[in-house]
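>>> here is the input, now give the coordinates:
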Amino acid sequence: MVSATDRLEEIKADIRNAETACGRGEGAVTLIAVSKTFDAEAILPVLEAGQRVFGENRVQEAMGKWPGLRAEYDGVELHLIGPLQSNKAKEAVATFDVIHTIDRPKIARALKAEMDRQGRQLPCFIQVNTGEEPQKAGIAPKEVDAFVKDCRDEIGLDIVGLMCIPPVDEAPGEHFALLEKIAGRNGLSQLSMGMSSDYRVAIGFGATCVRVGSAIFGSR
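Sure, this is the predicted structure:
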């Protein structure tokens, strides 16, 4: 049986190959191992193998398993990649190191207020709903430029990049290309895009973070 550590090494090699294929230097892409729904026991082998960057969808779930793991393993970097409610801003700022899912002023202001209170200024991504799907979180593409400006200049967040989740029934490349274009005109250098099924495509469009879960940990 193929283990999570075996799959992790395969993914890392795959990322290096994709970087080379599109003329990017090794290490240009950060692998975020998405550990949502997996317990500490499932995560331990991946930590033992040296992976230190992880993604979680829910604040409460992360709070339940990561303090203990962080006590055992140095250098863990935890990314919030799921939707955030403003009433969880305090816990999110205390628990995570990077936020990927800012998509409205209320969340942006709540996070900034908590960062100031806690003395932690976290790098943030704005989530873009590239497919403009009504059931999906994220800001509409046409609203991103103004929202980036407001988050930076008025609210004072450290906006480092953009994040997207393409529609499942559409070719992801066009959505990655759109995100890359929007980021470029806003001077944003980081792109959080690409998951287990399409991270290779995302790397070709400039992804700097890929969020890979089931391809490492197995099906949920």
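>>> for residue 164, phi and psi?
The phi and psi values for residue 164, taken as degrees, to the nearest 10, are phi -150, psi 160.
>>> ok, now how distant is it from residue 118?
With the distance defined as CB to CB, to the nearest Å, residue 164 ends up 28 Å from residue 118. Yep, even glycine has a C-beta here, placed from its N, CA and C like the rest.
>>> which of these two has more neighbours?
Neighbour comparison, residue 164 and residue 118: the larger count goes to residue 164, with 26 against 12 (by other CB atoms under 10 Å).
>>> ok, the more buried one - contacts?
The contact partners of residue 164, taken as CB atoms under 8 Å, 6 or more residues apart in numbering, are 127-130, 138, 175-176, 178-179, 192-193.
>>> just residue 214 next, same as before
Residues counted as contacts of residue 214 (CB under 8 Å, 6+ apart) are 196, 220.
>>> repeat that for 10 Å
Shown here is residue 214, whose contacts under the criterion CB atoms under 10 Å, 6 or more residues apart in numbering are 7, 34, 37, 195-197, 220.
>>> for this structure, what spans make up the helices?
Using DSSP state H, the helices found in the chain span residues 4-21, 40-48, 59-72, 89-95, 105-118, 144-149, 172-185, 199-204, 214-217.
>>> comparing those, which comes out most buried?
Most buried of those, by mean neighbour count (mean count of other CB atoms under 10 Å): helix 199-204, with a mean of 22.
>>> average pLDDT across that one?
When pLDDT is averaged along helix 199-204, the result is 97.
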